[in-house]
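Colleague: The amino acid sequence is not available; the structure is as follows:
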């Protein structure tokens, strides 16, 4: 992995933080990226090389400590969040969590309002998955739309020590996060006939396309692939593809191509190395992101971030609640710990982020893994191993 790339990423993050604090202006290139992405500086570094998600830092900090909204969610979320709090404390990271009791069981309009106000106040959130049962409106979608978290960024990279078919995958999935089929606009025309609206707008398509290309520039990636079904959905996906092609003309140094979503699924499992950055409408991004995560180890090691113009919410890369393994002490904490490292990077605590990320990767390489990764260790044993690594790093 290129040290130069890491340096460029950190420089961009520092520039963004400097701009936010009034300490100076952004370079012309960074300013252009900020204008299009309009989001806070963030990186996904599951190895030495990461991806800076561009923009202005907008996180609350009081007395030198960051305040982060914590939503444990459903299933294994609460027990894994306990592990996160333990490890953040051991690492000595300047984080204070404001816990928000929002879940499938506790999810009134007032609970949702409080969660949104908390994230707006703090600027940053860390959440577990919020389950959606039959007849319910998705709380995950509500959070993304009400906070305008327009981009979902998920890095799927092979991790040493994690068994998988391939060992050389490094794909960045960038998903439009607020429209498409997730607009939740559907109704019965007549009994037995449902009409469901898929909303694709030029403005949102342009926003996510520019975000993808700006990310490619800043992370020194070389190719952006738009995924679509424009051969059938000629107006909606056709608009998305046309906008991506139009935006691509402004980035001549970045290779651009497109692929139909069904062919993309086949290509992804047959030869994933051909993909670098993938930009997708909402539903396709969810599907492709899960496939890509499966190729590098599954939901237990996939981290993700929801990025908006003012706020960011971090969560595991695949939105699984793990209800069937709740309380059994076998849930894999790695994804949420890697997500926490990404959050620390976003908050400007690059050193703590690096230590936590290295701790998780070292533990995985050592063979201390939960059953989903072919190991025999339980949740507590993985967490304890990460804690021991961090204590050694701190000199205890």
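Modeller: That came in fine, so what should we check first? All values derive from a computational prediction rather than experimental measurement. Numbering: from 1, shown residues only.

Colleague: May I have the predicted confidence score for residue 319?
Modeller: Reported pLDDT at residue 319 in the predicted model: 73.

Colleague: The one 10 residues further on too?
Modeller: Reading off the confidence values, residue 329 has pLDDT 93.

Colleague: Not counting sequence-adjacent ones, nearest residue to it?
Modeller: Nearest residue to residue 329, sequence neighbours excluded (C-beta to C-beta, 6 or more residues apart in numbering): residue 378, at 4.5 Å. All C-beta spots, glycine's among them, are computed from the backbone N, C-alpha and C.

Colleague: Show the contacting residues for the one you found.
Modeller: Neighbouring residues of residue 378 by C-beta atoms under 8 Å, 6 or more residues apart in numbering: 329, 330, 370.

Colleague: What are the buried residues along stretch 88-106?
Modeller: Buried residues in stretch 88-106, counted by 16 or more other C-beta atoms under 10 Å: 88, 90, 91, 93, 95, 97, 100, 102, 103, 104.

Colleague: for the residues you listed, which one is nearest residue 273?
Modeller: Of all those, the one sitting nearest residue 273 is residue 91; the distance, using C-beta to C-beta, is 34.1 Å.

Colleague: Tell me the predicted confidence for that closest one.
Modeller: At residue 91, pLDDT is 92.

Colleague: now do residue 198
Modeller: Value listed for residue 198 in the pLDDT field: 95.

Colleague: And for residue 166?
Modeller: pLDDT, read off for residue 166, is 93.

Colleague: May I ask which of the contacts of residue 378 has the most neighbours?
Modeller: residue 370 (22 neighbours; other C-beta atoms under 10 Å).

Colleague: Next up, the contacts around that residue.
Modeller: 300, 330, 331, 332, 333, 334, 377, 378, 379, 382.

Colleague: Which residue, other than its chain neighbours, is closest to it?
Modeller: residue 332 (4.3 Å).

Colleague: can you give me the strands in the stretch 1-150 of the chain?
Modeller: With DSSP state E, counting those that start in this stretch as the criterion, the stretch 1-150 of the chain has strands at 61-62, 65-71, 95-99, 124-127.

Colleague: got the domain boundaries for the chain?
Modeller: Domain ranges of the chain: 54-156+298-395, 165-296, per the TED database.

Colleague: right, so these: which one is the most enclosed?
Modeller: domain 54-156+298-395 (a mean of 20; mean count of other C-beta atoms under 10 Å).

Colleague: starting at the chain centroid, how far to that domain?
Modeller: Chain-centre distance of domain 54-156+298-395: 10 Å, with C-alpha atoms, centre = their mean, to the nearest Å.

Colleague: cool, stretch 242-250 as well?
Modeller: Between the centre of stretch 242-250 and the centre of its chain there are 24 Å (C-alpha atoms, centre = their mean).

Colleague: Which neighbouring elements make contact with the helix or strand harbouring residue 194?
Modeller: Per DSSP states H and E, residue 194 falls inside strand 193-199. For strand 193-199, the elements it packs on are strand 180-190, judged by 3 or more C-beta pairs under 8 Å, 6 or more residues apart in numbering; DSSP states H and E.

Colleague: need the contacts of residue 378 in JSON lines with distance to residue 254, can you?
Modeller: JSON lines is the format used below for the contacts of residue 378 (distance: C-beta to C-beta, whole Å):
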{"residue": "329", "distance to residue 254": "46"}
{"residue": "330", "distance to residue 254": "42"}
{"residue": "370", "distance to residue 254": "38"}
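
Colleague: Of those residues, just say which sits nearest to residue 257.
Modeller: Using C-beta to C-beta, the contacts of residue 378 come closest to residue 257 at residue 370, 37.4 Å.

Colleague: ok so, going back, by mean pLDDT, show me the worst of the domains of the chain.
Modeller: Among these, domain 54-156+298-395 scores lowest, at a mean of 90.

Colleague: Now do the phi/psi pair for residue 64.
Modeller: phi 80, psi 10 (degrees, to the nearest 10).

Colleague: ok, it touching residue 94?
Modeller: Yes. With contacts counted by C-beta atoms under 8 Å, residue 64 reaches residue 94, the gap being 6.0 Å.

Colleague: Against residue 258, how distant is residue 71?
Modeller: To residue 258, residue 71 is 36 Å away according to C-beta to C-beta, to the nearest Å.

Colleague: and the residue nearest to residue 207 when sequence neighbours are not counted, what does it touch?
Modeller: Distances taken as C-beta to C-beta, 6+ apart place residue 150 nearest to residue 207, at 5.8 Å, with adjacent residues excluded. Residues near residue 150 by C-beta under 8 Å, 6+ apart: 176, 177, 178, 204, 207, 208, 211, 307, 308, 309.

Colleague: what do you get for residue 285?
Modeller: 152, 173, 174, 175, 176, 177, 227.

Colleague: Each with direction, which strands does the one helix or strand the third one maps to pair with?
Modeller: Yep, that's residue 174 we're talking about. In this assignment (DSSP H and E), residue 174 forms part of strand 170-176. Sheet pairing of strand 170-176 (DSSP bridges) gives strand 151-157 (antiparallel), strand 277-280 (parallel).

Colleague: Can you lay out those as JSON lines showing distance to residue 221?
Modeller: Output for those, formatted as JSON lines (distance: least, C-beta to C-beta, whole Å):
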{"stretch": "strand 151-157", "distance to residue 221": "11"}
{"stretch": "strand 277-280", "distance to residue 221": "5"}
